[in-house]
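Q: Quick one, what's the 3D model for this:
(one chain, ligands or ions: 3)
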Amino acid sequence: MFRRSRSRKFKAGIFLLLALLVIVCFFDHKAIHLQVDVKNSGTQTKASTTNNTYVYSWPRCQLNLSAGNIQGFNFLSNSNQNFLYYRHCCHFPMLLDIPDKCGRADESADIFLLLVIKSSPVNYERREVLRKTWAKERLHNGVWIRRIFISGTMAAGLEKERLNKLLELEQREYNDILQWDFNESFFNLTLKQILFLEWLERNCRNARFLLNGDDDVFANTDNMVEYLQSLKDNDGSKHLFTGHLIQNASPIRLSSSKYFIPFQLHKSNSYPPYCGGGGILLSVYTALVINKMSQSITIFPIDDVYMGMCLAKARLAPVSHMGVKTLGLYLRSPNIDKYDPCYFKEMLLVHRFDPADIYIMWHGIHDPNLKCGTSKKKKKKKKKKKMA
Ligand SMILES: *[C@@H]1O[C@H](CO)[C@@H](O)[C@H](O)[C@H]1NC(C)=O
Ligand SMILES: *[C@@H]1O[C@H](CO)[C@@H](O)[C@H](O)[C@H]1NC(C)=O
Ligand SMILES: *[C@@H]1O[C@H](CO)[C@@H](O)[C@H](O)[C@H]1NC(C)=O
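A: Ligands and ions are numbered 1, 2, ... in the order given. Modelled structure (predicted):
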């Protein structure tokens, strides 16, 4: 916007070009990164509008000083204050994009399940293991599973540059990262979620279903596909939002908790029903509804609760799926092997798993010699019942 108004001052074409160059360099130095065109170049920033670059031109979001007038502001923790200062900032430049991940807009939908995995730049090992295991891009039961990691930035200065370089290298090899230029933090997870939903609206409306989850879970994505295919009346164009359902929860008012929410952030003493953010299965239809609702709901720091708020506003209900255990597995006896693949063969998702354990378990559940008590037929029936 402002780029155009500036350039209007220069009448001759040559000056216009020069001005653009100057402006580009200026932004480069200010580290307001324009989007990286990963496909066509390995360089850091690019300001041209080639086929698949999309230039963001809004200025860096300024802090909202009047947030400091909120009652009791000075008694809030730094991260709470920070959140209030920047709560209105919803647009951040993309550092890494994959605009053609889902094919061109006019192509038919061929992604059945898009895995959308929240991952901090430092979690390199987790991403590597997921790429080889449950998040491997593949055909399963005749439909495509694809993968995207969503990320912000970390640290500042050289360390930030080093971590950005890491993601850029991974992108070159795998083409599976969306990164925005905002500071990763627990309170910025909702921002990440919203930025992703906007991206989805722009680039991937044709996919059918999403798994929205963390990078430290074990997800049985084969089972997910089979479950989603069993939904006879829903091909992704109707409402679906399922996972570990949490009802009648209320904000934690204990200031020592990671989840502490002072009344300045949420006045009401209750949360709407929502699903634990470690792993949620939803239709693209519902994702687009949430995106739409989010435009009129002030950002709330806890991302899964926020999505519950958006659903409530759209009068859509989240539902429980027994195969999603974001609080881990409950085992009847301490003598039971908690890494017995037989438990995980039936699950959809379990939190939390180290990279090595994910690797072992993924191979465990695919071992052709694995014997799990029940016969295959019986199991299928059981699964159907559970999913119902
Ligand atoms: C800034 O903060 C104040 C106090 O919370 C709020 O009323 C106002 O709407 C905020 N401004 C913006 C631009 O979000
Ligand atoms: C992001 O965090 C770093 C420290 O981790 C800080 O130096 C920097 O100012 C922050 N950036 C913004 C825009 O808040
Ligand atoms: C969220 O990211 C923005 C942009 O980097 C940063 O200014 C802000 O401090 C972050 N918010 C929190 C609560 O960390």
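Q: State which one residue of the stretch 201-350 of the chain is found closest to ligand 3.
A: Distances from the stretch 201-350 of the chain to ligand 3, computed as Cβ to the nearest ligand atom, single out residue 301 as the nearest residue at 6.9 Å. C-betas here are computed from N, CA, C, even on glycine.
Q: Which residues are in contact with residue 221?
A: 113, 115, 134-135, 140, 145, 211 (Cβ atoms under 8 Å, 6 or more residues apart in numbering).
Q: So what touches the host helix or strand of residue 308?
A: With the criterion set as DSSP states H and E, the secondary-structure element containing residue 308 is helix 303-313. When contacts are defined by Cβ under 8 Å, 6+ apart, helix 303-313 is touched by residues 189-190, 192-193, 241, 246, 249, 271-277, 280, 286, 289-290, 293-294, 296-297, 299-300, 317-318.
Q: can you tell me if it touches ligand 3.
A: No. Applying Cβ under 6 Å from any ligand atom, one finds helix 303-313 separated from ligand 3 by no less than 12.2 Å.
Q: Going C-terminal from that helix, what's the next secondary structure element?
A: Using DSSP H and E, the first helix or strand after helix 303-313 is strand 319-320.
Q: which SS class is residue 166?
A: With DSSP: H, G, I helix; E, B strand; the rest coil as the basis, the three-state label of residue 166 is helix.
Q: So residue 192 lies in a helix, does it not?
A: Yes. Secondary structure of residue 192, determined by three-state DSSP: located in a helix.
Q: List the contacts of it.
A: Contact criterion Cβ under 8 Å, 6+ apart gives 118, 150-152, 180, 182, 184, 303 as the residues in contact with residue 192.
Q: that older thread, I figured the residue of the stretch 201-350 of the chain closest to ligand 3 was touching residue 191, is that so?
A: No. Counting by Cβ atoms under 8 Å, residue 301 sits too far from residue 191 to count as a contact (9.0 Å).
Q: Counting neighbours, go ahead and name the busier of those two.
A: More crowded of residue 301 and residue 191, by other Cβ atoms under 10 Å: residue 191, with 26 against 23.
Q: got a list of what that one touches?
A: Neighbours of residue 191 in contact, by Cβ under 8 Å, 6+ apart: 89-90, 92, 152, 182, 299.
Q: hmm, 10 Å instead?
A: 83, 86-87, 89-92, 152, 180, 182-185, 299, 301, 303, 306 (Cβ atoms under 10 Å, 6 or more residues apart in numbering).
Q: cool, and residue 189?
A: Contact analysis of residue 189 by Cβ under 10 Å, 6+ apart lists 118, 150, 152, 214, 277, 301-304, 306.
Q: Now the helix or strand that contains it: buried residues?
A: Assigning secondary structure by DSSP H and E places residue 189 in helix 189-203. By neighbour count on 16 or more other Cβ atoms under 10 Å, the buried set for helix 189-203 is 189-197, 199-200, 203.
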